[in-house]
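Participant: here is the input, now give the coordinates:
(one chain, ligands or ions: 1)
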Amino acid sequence: MRAAGIGEQGQARLRKARVLVVGVGALGTHSSDALARAGVGALDLVDRDIVEQSNLQRQVLFTELDAEAGTPKAIAAAARLREVNRECVVTAHVANCTAEFLRALPRPDLVLDGTDNFPTRYLINDWCAEQRIPWIYAGAVGSEGASMVLRPGGACLRCLWPEAPANSDVGNCETAGILAPAIAAVTAFQVAEALRILTGSSTPSTRGVFTCDVWRGHYTVITLAPESAIDCPVCRRERFPALTETQPSAVSLCGRDAVQIDPPRRSPADLDALAARLRGVATDVLRTPHLLRFQADGVRFSVFPGGRTLLFGVADPLRARALYDRWIGLS
Ligand SMILES: [Zn+2]
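Facilitator: All right, here's what the predicted structure looks like:
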């Protein structure tokens, strides 16, 4: 409240604010931690993944115990944030972020990008444009990062990048790793802009793209023209491609030897029955409160209620699909 630009009024606005954080990995753990500590009233955290040992170098809300238990990231992050600020209402969503998922959520005042892939960013972009909700892009790889504010009525992500950059162009966390201070630098910009928007202190015209390379010591803000691109389907024709596209049911996860299978027709998977069936044929069968884990054919499976499954130790979506059908085959 003592900070210039916030005051009692700004703090009261933060307390009434609801923020959706999509992806609770490196970016999302940093940003949601800062928002909970700043006194934001409600946070929705969505993430499809589980905590692993290799995350701990940069994903600040998790511990070795979370990695050993394979706790879903959204669950582990929410538990930690409730310890930080019990008045912040934190809701964990262990889910794939899809158009259907977004439509079922309570309307947020702001969306923070904590994802690691462009299909999900286009989905956030199109949904936020349709719903007229501001969102803040963020990305980091190696020692570099970028962030920018995207507002209803201004240029959108598709105006800047009509097509998703190929992973080989931007590098990814597998090829380049991620230096933790790059995450801290990017989320410092992202969270400061979030606080400015939520307290009503932000003016649209001055915002640009923040970029940094923390290893070389470069920090810049490029001011963008606020106008939308002349041929942008979202801004010029009110078409929102990502809200109508069907997502592939098997996708490789960024930077990892892992695939997610999200069956298009969800069945209410009985994980207890599946665990009983697998005992004796698969190894390390473990039923936790949130999922079922087991190992088979040299691959580690984590099955969530509804049938969505992560397979670790396999990179090819087709092979993952075959393994899924062999070991889980819910339908
Ligand atoms: Zn646009």
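Participant: what does the stretch 51-200 of the chain put close to the ion?
Facilitator: Counting by C-beta under 5 Å from the ion, the stretch 51-200 of the chain comes close to the ion at 156, 158-159. C-beta: built from backbone N, CA, C; applies to glycine.
Participant: okay, strands next: where are they in the stretch 1-150 of the chain?
Facilitator: Assigned strands in the stretch 1-150 of the chain, in chain order: 18-22, 42-47, 89-94, 110-113, 135-141, 144-150 (criterion: DSSP state E, counting those that start in this stretch).
Participant: as CSV, these with mean pLDDT and mean neighbour count would be great.
Facilitator: CSV is the format used below for the strands of the stretch 1-150 of the chain (pLDDT from 0 to 100; neighbours: other C-beta atoms under 10 Å):
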stretch, mean pLDDT, mean neighbour count
strand 18-22, 98, 24
strand 42-47, 98, 24
strand 89-94, 97, 19
strand 110-113, 98, 25
strand 135-141, 95, 25
strand 144-150, 95, 24
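Participant: nearest to Arg321, out of the ones you listed?
Facilitator: Between Arg321 and the strands of the stretch 1-150 of the chain, the shortest separation by C-beta to C-beta is 21.3 Å, and it involves strand 89-94.
Participant: what's next to the closest one, contact-wise?
Facilitator: With contacts defined as C-beta atoms under 8 Å, 6 or more residues apart in numbering, strand 89-94 is touched by 36, 41-48, 72, 74-75, 77-78, 81-82, 101, 290-291, 304.
Participant: same thing but at 7 Å, please
Facilitator: By C-beta atoms under 7 Å, 6 or more residues apart in numbering, the list of residues contacting strand 89-94 from outside reads 41-46, 72, 74-75, 78, 81-82, 290, 304.
Participant: can you list the strands that that strand pairs with?
Facilitator: strand 42-47 (parallel) (DSSP bridges).
Participant: can I get the strand it pairs with as PDB, trimmed to CA atoms?
Facilitator: As requested, the backbone C-alpha atoms of strand 42-47 are provided in PDB (Å, rounded to 0.1, in the frame of the first residue of the first chain):
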ATOM      1  CA  ALA A  42      -8.200 -15.400  -6.500                       C
ATOM      2  CA  LEU A  43      -5.900 -17.500  -8.600                       C
ATOM      3  CA  ASP A  44      -6.800 -20.300 -11.100                       C
ATOM      4  CA  LEU A  45      -3.800 -22.500 -11.800                       C
ATOM      5  CA  VAL A  46      -4.000 -24.900 -14.800                       C
ATOM      6  CA  ASP A  47      -1.300 -27.400 -15.600                       C
END
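Participant: run the angle between it and strand 18-22 for me.
Facilitator: Going by axes from the mean of the first three to the mean of the last three C-alpha atoms, to 10 degrees, strand 42-47 is angled at 10 degrees with respect to strand 18-22.
Participant: please state the offset of strand 42-47 from the chain centre?
Facilitator: Mean C-alpha position of strand 42-47 versus that of the full chain (C-alpha atoms, centre = their mean, to the nearest Å) differs by 9 Å.
Participant: could you list every residue that touches the residue in the stretch 1-150 of the chain that the ion sits nearest to?
Facilitator: Taking C-beta to the ion as the measure, the point where the stretch 1-150 of the chain comes nearest the ion is Ala129, at 7.1 Å. Listed by C-beta under 7 Å, 6+ apart, the contact partners of Ala129 are 152, 156, 234, 240.
Participant: residues touching the second one, list them.
Facilitator: Just to be clear, that refers to Cys156. Under the criterion of C-beta under 7 Å, 6+ apart, the neighbours of Cys156 are 125, 129, 150, 228, 232, 234-235.
Participant: check the first one too.
Facilitator: Contacts for Pro152 were tallied using C-beta under 7 Å, 6+ apart; they are 129, 132, 134.
Participant: sorry, back to before: okay if I get the strands of the stretch 1-150 of the chain as a markdown table plus distance to Gly177?
Facilitator: Formatted as a markdown table, the entries for the strands of the stretch 1-150 of the chain read as follows, by distance: least, C-beta to C-beta, whole Å:
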| stretch | distance to Gly177 |
| --- | --- |
| strand 18-22 | 22 |
| strand 42-47 | 20 |
| strand 89-94 | 26 |
| strand 110-113 | 20 |
| strand 135-141 | 8 |
| strand 144-150 | 11 |
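Participant: for Thr199, find the nearest of these.
Facilitator: Using C-beta to C-beta, those put strand 110-113 closest to Thr199, at 11.2 Å.
Participant: picking that back up, tabulate the residues of the stretch 51-200 of the chain next to the ion (JSON lines), appending distance to Ala258.
Facilitator: JSON lines is the format used below for those (distance: C-beta to C-beta, whole Å):
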{"residue": "Cys156", "distance to Ala258": "30"}
{"residue": "Arg158", "distance to Ala258": "28"}
{"residue": "Cys159", "distance to Ala258": "32"}
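Participant: what about Gly177, neighbour count?
Facilitator: Look at Gly177: counted by other C-beta atoms under 10 Å, it has 16 neighbours.
Participant: which ones are touching it?
Facilitator: Applying C-beta under 7 Å, 6+ apart as the definition, the contact partners of Gly177 turn out to be Gly142.
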